[in-house]
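Engineer: below is the sequence, then the predicted model.
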Amino acid sequence: MFCEIANPFIRRILQEVGLVAGSMRPYVVGGFVRDSLMGKESQDLDVVVESSGSHNGITLAQKLADKWQVDVKSHQDFGTATVNHPEGLKIDFVTARCETYTQAGILPTVKFSQITDDLWRRDFSVNAIAISLSSDQFEQVLDPTNGIADLEGKRIRVLHAESFSDDPTRIFRALRYAVRFQFQIETETEKLMQSAIDRIGILSDARIRNEIERIFQEACVVEIMQWLSALGICQAICPQWQLPSDFESIWHNLQSHLEWAERHLDNDVLNAEALPWMALNLPSTGQERLSLPGRLRQKLVAHKELAQRLLYEPLTPMMKPSQIYQFLKPHPIEALVYHLPQPQIEQYLTQLRRIKPNKTGNDLIADGWTAGPNLAQALWEDFARQLDKCG
């Protein structure tokens, strides 16, 4: 079976990879092949090279980098390298390998091997299909795990019984792929997945955090997160974590708030990456479990504080601009954007926070004031009058 690479630019580059490879046997694998067989555009180029003597993935990457006159980033111990084609295409090169998990949940021990072994080590059959780039076999498909049949049947299927136990991050990926492609998780795979949920606890904080952030990049975040919650995966990460029952409306509102911010706020003002974490309602114990960065945790705390404050002291149309300023100034912009739409918050973000005081402490001291609390109060009263006039 052959699979014609539809994008003419990518096809030309991959033909060049095959020509430069010579006697080495390169294959494009993974997401690019899966998406191509589904008729989807992809630039996720992973090339696997069978090692032969001293030649491996790094060897081919270096040859191409020399030809294209670009740099290569390589990792000798892993036999991997990355080359950026001068026309803007990134290609990752990997030496064909097999993996052994000496302990579940940690990264495996790797040794170089053949392409078939490399495909069998992968997470799901739909990701274990290869297209040859060798000149004499260009675009020939290699499918030892029957991944094409699963693509046609719209199934997500693991390749061995210990797959989820060996690497519980595959649970997250199975759900992401199932929702993204509207596939079913194959019956036995679903049983294996559910039996391995308690293994999520052995994953490192960084690996879980990375999987959640990948979910944020999906188009169907709500469906994926609700599935995680229904399966008990949120609780496996942190027993106190309950996804909000109205998460769907929270998430859709959040997208509207981010669109508003993109239209009205400067690009360097808002750390948009913090807002999805606010929507998850992750308790402090969960934040500790995932080792969220300190600045992000501070924003999550500020978001909670603002939510509580707005519950007991709601903003009202009767508030003067100076009162709005004083109320909202202590809170980070991310928390304010999260709590849109409120006209007072919009007024603060787009107008009031940009206003600079007409007078400074030095101005008042020059007028005869003495430094101290009275000076600070006089400064604020002067600025409040200024805000109320502008508002």
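Structural biologist: Happy to help now that I have it.

Engineer: what helices or strands is the helix or strand hosting residue 302 leaning on?
Structural biologist: Assigned by DSSP states H and E, residue 302 belongs to helix 294-312. Under the contact definition 3 or more C-beta pairs under 8 Å, 6 or more residues apart in numbering; DSSP states H and E, helix 294-312 sits against helix 274-279, helix 284-289, helix 333-338. Any C-beta I mention is one placed from the backbone N, CA and C, and that applies to glycine too.

Engineer: so which of the ones you listed is the most surrounded?
Structural biologist: Across the helices and strands packed on helix 294-312, the average number of neighbours (mean count of other C-beta atoms under 10 Å) peaks for helix 333-338, which reaches a mean of 23.

Engineer: could I get the full set of helices for the stretch 1-150 of the chain?
Structural biologist: Taking DSSP state H, counting those that start in this stretch as the criterion, the stretch 1-150 of the chain contains helices spanning 8-21, 31-37, 57-68, 115-120, 147-153.

Engineer: residue boundaries of the strands in the stretch 51-200 of the chain?
Structural biologist: Ranges of strands within the stretch 51-200 of the chain are 72-75, 80-84, 90-95, 97-100, 109-112, 130-132, 141-142, 155-156, 184-185, based on DSSP state E, counting those that start in this stretch.

Engineer: tell me the most buried of those?
Structural biologist: Taking mean count of other C-beta under 10 Å, strand 130-132 is the most buried of those, at a mean of 24.

Engineer: given that one, what are its sheet partners and their directions?
Structural biologist: As defined by DSSP bridges, the strand partners of strand 130-132 come to strand 25-29 (antiparallel), strand 141-142 (antiparallel).

Engineer: between the ones you listed, which one is nearest to residue 272?
Structural biologist: Residue 272 lies closest to strand 25-29 among the strands paired with strand 130-132, at 32.9 Å (C-beta to C-beta).

Engineer: pLDDT below threshold where in this protein?
Structural biologist: Residue ranges of the chain with pLDDT under 70: 53, 99-112, 267-268, 391.

Engineer: could you redo the last one with a cut-off of 50?
Structural biologist: 105 (pLDDT under 50).

Engineer: how does it divide into domains?
Structural biologist: 1-152, 154-237, 247-354, 361-390 (automatic domain parsing).

Engineer: and the end-to-end length of the last one?
Structural biologist: Counting by C-alpha to C-alpha, to the nearest Å, the length from the leading to the trailing residue of domain 361-390 is 21 Å.

Engineer: rewinding a little: tell me which of the strands of the stretch 51-200 of the chain sits nearest to residue 351.
Structural biologist: Of the strands of the stretch 51-200 of the chain, nearest to residue 351 by C-beta to C-beta is strand 90-95, at 42.6 Å.

Engineer: ok, that closest one: who's next to it in the sheet?
Structural biologist: Take DSSP bridges as the rule and strand 90-95 pairs in its sheet with strand 45-50 (parallel), strand 80-84 (antiparallel).

Engineer: reformat these as CSV; add distance to residue 378.
Structural biologist: What follows is the strands paired with strand 90-95, written out as CSV (distance: least, C-beta to C-beta, whole Å):
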stretch, distance to residue 378
strand 45-50, 65
strand 80-84, 59
